[in-house]
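Trainee: task: produce atomic coordinates for the following.
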Amino acid sequence: MYLKSRILVAASLATLLLSCAGVQQVTQTVTITESITSPGGVNTITFTLSEGMPSYRVDRDGEVVILPSRLGYLFKYQPPLDRDLRVVEVSRDTVNETWTQVWGEEKEILDNHVGMSILLEDASPTPRRLEVQFRAYDDGIAFRYILHGDGQPKHVEIMDEVTEFQLAGDHSAWWIPAYAWNRYEYLLTNSPVSELDTVHTPLTMETADGLFLSFHEAALTDFASMTLAHTGENLLKADLVPWSDGVKVRGELPMKSPWRTIQIGESAGDLVTSYLILNCNEPNKIEDTSWIEPGKYVGIWWGMHIRTMSWNSGDIHGATTENTKRYIDFASAHGFKGVLVEGWNLGWDGDWSANADSFSFTQPYPDYDFVGLAKYAREKGTRLIAHNETSIGILNYEQQMENAFKLYESLGINTIKSGYVGHGREIKRRDPLTGKVLGLEWHHGQWMVNHYRHVVETAAKYHLMLDVHEPIKDTGIRRTWPNMMSREGARGQEFNAWSTGGNPPDHYTILPFTRLLAGPFDYTPGVFDLTFKNNHEPPFRVNTTLAKQLANYVVIYSPLHMAADLVENYEGKPEFKFIEDVPTDWEKTLVLNGVIGDYTTFVRKDRNSDDWYLGSVTDENGRTLTVSLDFLEPGKSYLAEIYADATDADWVTNPYATDLSQETVTSETVMELQLAPGGGQAIRFSPAD
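Mentor: Below you'll find the predicted structure:
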């Protein structure tokens, strides 16, 4: 129920009374203030219009989180909408409902918030209207803009978003740079906010008082991705990724921005179990979701990175009929739902990273029986995963996409792993008729945001799930389009194969509280040959213990998890049973402990059984963590199958040493987790009676 109120107030210097049909009209005061507080009385948003300029403030439990910060937009051809405004209408509402995820880290999601909408207009003869919608949740706040079509041209070009985040202190932040060549694939840096330049979101912070904040956006649709620019001592400003001509966003009115979100928690784990971003997205648009199936997969992939196989044709071509059958047989024997095959399609020979216009997404190499292998996989109870590397040849991909997706569906393929390898701003936007280059666009600008969404919607049409590498960041659209399963968008396992230093041990203790706050991450865990030899110089390795590779299946969430190693490296390894057992679709997620950059412990309950799974990881330091098992059902006994670092395990000197054991536990049990340097522990809890 909306409670609407007209605001008619007196001017501070003078009051002008006008009579029109017996109704008295007055101008507004210099300052107007409206506020809402979250249902639990935790977070308060205060909107202020002062001297015609809008701003907002955020307080938590009476303490300021965001100082008064500006709102509004600047345009190319029209006057700005960040000043000379007046309030036309204020409305409020309260939502308290629960909805069910098609799949996810939490089955039932509570959406409980207090909302407020402020309708503003300028003083032009035909007033233009800007609406700011706010939501106050107990776990944070969100707001977005709606540009109405009233009083202005239907086509607009936004040149800047004025939105500010004036922080209450120089907080400790974890960040990656924006506008860098390698997109999102950087190690996270921890520094004071005052040392930031322009950074991607999610941007996570810890205040001096121990409060945790994460700045991101939700429901990114037909808009430019938001980065955050450090523009003052403790001031961050929305910085929209531009088109090649400098325009930030262009489109037709009415236009909605994505939600600008701030998740707020008393612990780092509170950020993980906040579903504010999902709640700011529209409900599921796919009526029949029976074909959307979370699961695990193996694939012809890791061999390319360690150079035992190749994407291109030749002596070590990985995507051969014989090799693929071997992987299909393995997947069938161990219950994996998919087999990824990279390098199957024409276009990989020569400089494939430059072959943007040469890839075919329907024509296989002569040594790869695409149709026959798809049939063989189905007969074996698994399916091929079709790999589509675009090499950022967007026009080439879009011209083939409809026919390719139709072919995949006809062959029983239900998943695509797509790729967009290329420099952050090398994507050639071409005229679809002439092929003429119209500009070089960023991966994260409005044009590419729309491309990524076009792929998602087309894939849904043909009952295809998506795993996107070099993606646009997740902003919760998996709620609306649940076939958008997983993404890369960070430094994954592949960096251990060829990047100097690889992913350091603390990488896995930072990701859950930063990148993974946006959504699922296709990290591709499960490498068992940790000290492999390859043809790169210097030699490389995976910087974890074997037990930590198992723990990552619980700590790093993805509905599509890969067992990334060569399948022969799993044979005869008892630790592989955990990968066989661990699900990828959860009913409940809890974070038992966590210090960003040091350690964390997650537990998740299987959606389809009464089993719980625990994953705990540490940085380069060994440590003992004590955890209560009070998440288990009281009065029940559980069999704990434990995969732990051995006492002499060490990620550098003895990474393979693992102790496997079993014990009976209850909800009253307190366990000690012994984590080796760079190590971890994985446990399956199954009802014993």
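Trainee: check contacts around Ser117.
Mentor: Contacts of Ser117 were listed using Cβ atoms under 8 Å, 6 or more residues apart in numbering, and they are 89-92, 131-134. Quick note: C-beta positions are derived from backbone N, CA and C, even for glycine.
Trainee: inside strands: which ones of these?
Mentor: Counting by DSSP state E, the members of the contacts of Ser117 that fall within strands are 89-92, 131-134.
Trainee: out of the contacts of Ser117, which end up buried?
Mentor: The neighbour-count criterion (16 or more other Cβ atoms under 10 Å) marks 90, 92, 131-134 among the contacts of Ser117 as buried.
Trainee: need those in JSON lines (columns: pLDDT).
Mentor: Below are the buried ones among the contacts of Ser117 laid out as JSON lines (pLDDT from 0 to 100):
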{"residue": "Val90", "pLDDT": "98"}
{"residue": "Arg92", "pLDDT": "98"}
{"residue": "Glu131", "pLDDT": "98"}
{"residue": "Val132", "pLDDT": "98"}
{"residue": "Gln133", "pLDDT": "98"}
{"residue": "Phe134", "pLDDT": "99"}
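Trainee: of all these, which comes closest to Met465?
Mentor: Nearest to Met465 among those is Gln133, at 31.7 Å by Cβ to Cβ.
Trainee: nearest spatial neighbour of the closest one, skipping sequence neighbours?
Mentor: Ser117 (4.9 Å; Cβ to Cβ, 6 or more residues apart in numbering).
Trainee: would you say that neighbour is within a strand?
Mentor: Yes - applying DSSP: H, G, I helix; E, B strand; the rest coil, one finds Ser117 inside a strand.
Trainee: any idea how far it is from Glu185?
Mentor: Per Cβ to Cβ, to the nearest Å, Ser117 is found 39 Å from Glu185.
Trainee: one more: Leu550?
Mentor: From Leu550 to Glu185 the distance is 24 Å (Cβ to Cβ).
Trainee: between those two, which one's more packed in?
Mentor: Leu550 (29 against 19; other Cβ atoms under 10 Å).
Trainee: helix, strand, or coil at the more buried one?
Mentor: Going by three-state DSSP: Leu550 is helix.
Trainee: wait, what's in contact with it?
Mentor: 526, 575, 578-579, 582, 615, 643, 680, 682.
Trainee: let's go with 10 Å and repeat that
Mentor: Leu550 makes contacts with 525-526, 528, 544, 575-579, 582, 613, 615, 643-644, 658, 680-684, as judged by Cβ atoms under 10 Å, 6 or more residues apart in numbering.
Trainee: distance of it from Asn543?
Mentor: Distance, Leu550 to Asn543, using Cβ to Cβ: 15 Å.
Trainee: what of Tyr73?
Mentor: As judged by Cβ to Cβ, Tyr73 and Asn543 stand 45 Å apart.
Trainee: about what we covered before: just the buried subset of the contacts of Leu550, please.
Mentor: 525-526, 528, 544, 575-576, 578-579, 582, 613, 615, 643-644, 658, 680-684.
Trainee: which ones among those lie within strands?
Mentor: Judged by DSSP E, strands contain the following of the buried ones among the contacts of Leu550: 613, 615, 643-644, 658, 680-684.
Trainee: give me the element Glu322 is part of.
Mentor: helix 321-334 (DSSP states H and E).
Trainee: tell me where the stretch 401-550 of the chain has helices.
Mentor: Assigned by DSSP state H, counting those that start in this stretch, the helices in the stretch 401-550 of the chain fall at 446-461, 495-498, 507-510, 546-555.
Trainee: what pLDDT, on average, does the first one get?
Mentor: For helix 446-461, mean pLDDT rounds to 98.
Trainee: for that helix, which positions count as buried?
Mentor: Buried residues in helix 446-461 (16+ other Cβ under 10 Å): 446-449, 451-453, 455-456, 458-460.
Trainee: which one of those residues sits closest to Ser38?
Mentor: Val449 (29.8 Å).
Trainee: give the contact list for that closest one.
Mentor: By Cβ under 10 Å, 6+ apart, Val449 lies in contact with 220-225, 241, 249, 258, 442-443, 472-473, 475.
Trainee: can you redo the residues you listed as a markdown table with pLDDT?
Mentor: Listed next are the contacts of Val449 as a markdown table, based on pLDDT from 0 to 100:
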| residue | pLDDT |
| --- | --- |
| Leu220 | 98 |
| Thr221 | 98 |
| Asp222 | 98 |
| Phe223 | 98 |
| Ala224 | 98 |
| Ser225 | 98 |
| Val241 | 98 |
| Val249 | 98 |
| Pro258 | 99 |
| Trp442 | 98 |
| His443 | 97 |
| Ile472 | 98 |
| Lys473 | 98 |
| Thr475 | 98 |
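Trainee: out of the residues you listed, which end up buried?
Mentor: 220-225, 241, 249, 258, 442-443, 472-473, 475.
Trainee: now tabulate the buried residues of helix 446-461 in CSV and tack on distance to Val591.
Mentor: Below are the buried residues of helix 446-461 laid out as CSV (distance: Cβ to Cβ, whole Å):
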residue, distance to Val591
Gln446, 35
Trp447, 37
Met448, 33
Val449, 30
His451, 35
Tyr452, 29
Arg453, 31
Val455, 32
Val456, 29
Thr458, 36
Ala459, 32
Ala460, 32
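Trainee: return the member of those nearest to Asp630.
Mentor: Val456 (39.7 Å).
Trainee: ok, the contacts of Ser117 vs Ala319, which is closest?
Mentor: Among the contacts of Ser117, Gln133 lies closest to Ala319 (Cβ to Cβ), at 48.9 Å.
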